[in-house]
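In: what follows is a predicted protein model with its sequence.
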Amino acid sequence: MVTVEIEQNGVRGVGECTPYPRYGESETSVMEQIASALPAIEQGASRDELQRLLPAGAARNALDCALWNLESQLTGRSLWELTGVEPLTSISMAQTLSVDTPEAMAAAALTHQKNGATLLKVKLDDRMIAERMVAIRSAVPHATLIVDANESWQSEGLAARCQLLADLGVMMLEQPLPAGQDSALENFIHPLPICADESCHTLEGLEALQGRYEMVNIKLDKTGGLTEALRLASGAHAQGFDIMLGCMLCTSRAVRAALPLAAGAKFVDLDGPTWLAQDVEPPLAFHCGVIDLAASKQ
């Protein structure tokens, strides 16, 4: 992770990003991008100007969120107020089931459900799809299930897999095919919604997803910050897409920056900080399947 601090009149704004190798990013490349934008930032470049200075990605996200946080600190207004979003006190979110044996995944699903989770996100690769999903559904017959294939499937056999998921009551399939192979979804009849993750980064690319996906996964590290994420969310709703709100492996600082998008999302997947050995202070209050904002120090 990379953290950025921007100071003005003794007040500091902080932003965070997670470089993602899938998109050709590393801590070194992100630091170089941030350094290239610093002269303009020092001259008072706005968030809108930042969108032109850097491409969408982790580096711009860290700077963009630091500028939002700085404005919040300088004005004494919360991020909710700055974005014009009604504050939430609690957010229901997905609990992730990592790829494992069918028995282990079923046991994890049952444990999460007993701990209060009602929405489970099932990670899958290209193996034992039916075995894993049948075991999970048998263990938690009433849980809401969504599936993330992480680009691991191919178009051959996709229709049968979609039908299997629909028959098991799965509510959504995320990024089944590798990004760049979206054309295989053109005129593809499927019985459950399909969500674009790696295939969706910014508002500019949204039109190409029409007729292929019904939902888009918005992550600040992909959009390059909250500024573009808000535009993408608005455009997605206008074009008839539902929204999933996600994150990379990150701390509560990064999740806080994304919270204004939660109210407009059909599914929220912000459990990144729960996978860390240590979170930032003060951490958000995560419970199984819930972010308790009323109990979190903002």
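Out: Sure thing, it's come through.
In: identify the residue nearest I129 in space, chain neighbours excluded?
Out: The shortest distance from I129 to any non-neighbouring residue, by C-beta to C-beta, 6 or more residues apart in numbering, is to R161 (5.8 Å). Bear in mind the C-beta positions are built from the backbone N, C-alpha and C, glycine included.
In: just say helix, strand or coil for the one you found.
Out: helix (DSSP: H, G, I helix; E, B strand; the rest coil).
In: count residues in the vicinity of it, would you?
Out: By other C-beta atoms under 10 Å, 20 other residues sit near R161.
In: now do the contacts for it.
Out: Taking C-beta atoms under 8 Å, 6 or more residues apart in numbering, we find R161 in contact with I129, W153, P176.
In: if we use 10 Å, what do you get?
Out: L124, D126, I129, A130, M133, V147, A149, W153, L173, P176, H190 (C-beta atoms under 10 Å, 6 or more residues apart in numbering).
In: tell me which element the fifth one falls in.
Out: By that I understand M133. M133 is part of helix 129-139 when elements are defined by DSSP states H and E.
In: how about that helix: buried residues?
Out: I129, R132, M133, V134, A135, I136, R137, A139 (16 or more other C-beta atoms under 10 Å).
In: could you do stretch 141-148 as well?
Out: When neighbours are counted by 16+ other C-beta under 10 Å, the buried residues of stretch 141-148 are found to be A143, T144, L145, I146, V147, D148.
In: just read off the phi/psi values of F286.
Out: The phi and psi values for F286, taken as degrees, to the nearest 10, are phi -90, psi 130.
In: and the closest residue to it other than its chain neighbours, how far from A117?
Out: In space, not counting the residues next to it along the chain, F286 is nearest to T274; the distance is 5.2 Å by C-beta to C-beta, 6+ apart. Per C-beta to C-beta, to the nearest Å, T274 is found 11 Å from A117.
In: give me the more crowded residue out of those two.
Out: Shown here are T274 and A117; by other C-beta under 10 Å, A117 has more neighbours (25 against 18).
In: give me the three-state assignment for the more buried one.
Out: Secondary structure state of A117, per three-state DSSP, is coil.
In: so who does it touch?
Out: Counting by C-beta under 10 Å, 6+ apart, A117 has contacts 92-97, 109, 111, 140, 143-144, 271, 287-290.
In: ok, so of the residues you listed, who is nearest E7?
Out: Among these, D271 lies closest to E7 (C-beta to C-beta), at 31.4 Å.
In: residues contacting the closest one?
Out: In this structure, D271 makes contact with 93-96, 117, 121, 246-247, 249, 255, 286, 288-289, 291, judged by C-beta under 10 Å, 6+ apart.
In: if we go to 6 Å?
Out: When contacts are counted by C-beta atoms under 6 Å, 6 or more residues apart in numbering, D271 touches T96.
In: helices and strands around the longest helix anywhere in the chain, which ones?
Out: Longest helix of the chain, by residue count under DSSP state H: helix 58-75. Packing contacts for helix 58-75, counted by 3 or more C-beta pairs under 6 Å, 6 or more residues apart in numbering; DSSP states H and E, involve strand 2-8, strand 11-17, helix 27-42, helix 47-53, helix 220-223, helix 226-238.
In: returning to what we had before: in helices, which of the contacts of A117 appear?
Out: Filtering those for helices - DSSP H - leaves A109, T111.
In: which parts of this protein belong to which domain?
Out: Domain segmentation of the chain under the TED database yields 2-83, 90-292.
In: and V4, what is it in contact with?
Out: With C-beta under 6 Å, 6+ apart, V4 has these contacts: G15, A62, L63, A66.
In: gap between the third one and Q181?
Out: If I follow you right, that is L63. L63 is 32 Å from Q181, where distance means C-beta to C-beta.
In: can you check the first one too?
Out: Relative to Q181, G15 is positioned 33 Å away (criterion: C-beta to C-beta).
In: so for the two, which residue has more residues nearby?
Out: G15 (27 against 14).
In: tell me the pLDDT of the more buried one.
Out: At G15, the pLDDT value in this model is 98.
In: what of the one 3 residues further on?
Out: The per-residue pLDDT reported for T18 equals 97.
In: likewise for Q298?
Out: The model's pLDDT for Q298 equals 61.
In: ok, the residue most central in space within the chain - contacts?
Out: Geometric centre of the chain, nearest residue: G246, 1.4 Å, by C-alpha atoms, centre = their mean. Contact analysis of G246 by C-beta under 6 Å, 6+ apart lists N217, K219, D269.
In: nice, that's everything, thank you.
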